[in-house]
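Participant: this one's sequence-less:
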């Protein structure tokens, strides 16, 4: 249910969402979210203004964004980050942040 509400916020309102410590979110929620994000991304690339989402017509605002963080250890491919669904990993771009000298 939370993944559906989050997805609707992305689509209808063009929200930016940051999922903190992505590796701690349950696999079922991440898989559902990946399916929704892929649907929104395909619709945005086709410049669609409205999509069919869960049996309802939803107006799509293309200003949405999905950001995610992981712990440094998990980002290196250790621990539970290996359990992230590939479908979601393929939709995210890795970025590393460091403290400047």
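Facilitator: Great, that's in hand. All figures in this text were calculated on a predicted structure; none of them were measured in a lab.

Participant: After the least confident helix or strand in the chain by mean pLDDT, which helix or strand is next?
Facilitator: Least confident helix or strand of the chain, by mean pLDDT, DSSP states H and E, is helix 72-75 with a mean of 51. Counting by DSSP states H and E, the next helix or strand C-terminal to helix 72-75 is helix 86-89.

Participant: Summarise which helices and strands that following helix is packed against.
Facilitator: Judged by 3 or more C-beta pairs under 8 Å, 6 or more residues apart in numbering; DSSP states H and E, helix 86-89 is in contact with helix 27-45. The C-beta positions use only the backbone N, C-alpha and C, and glycine is treated the same way.

Participant: in the helix or strand following the helix it packs on, what's buried?
Facilitator: Note on helix 27-45: by DSSP H and E, the next helix or strand toward the C-terminus is strand 50-53. Neighbour counts over strand 50-53 (16 or more other C-beta atoms under 10 Å) mark 51, 53 as buried.

Participant: go on, stretch 87-95?
Facilitator: When burial is assessed from 16+ other C-beta under 10 Å, stretch 87-95 yields the following buried residues: 88, 91, 92.

Participant: tell me which of those is nearest to residue 41?
Facilitator: residue 91 (6.7 Å; C-beta to C-beta).

Participant: Which pLDDT does the model give residue 95?
Facilitator: At residue 95, the model reports a pLDDT of 78.

Participant: Quick check: it is in a strand.
Facilitator: No - under DSSP: H, G, I helix; E, B strand; the rest coil, residue 95 sits outside any strand and is assigned coil.
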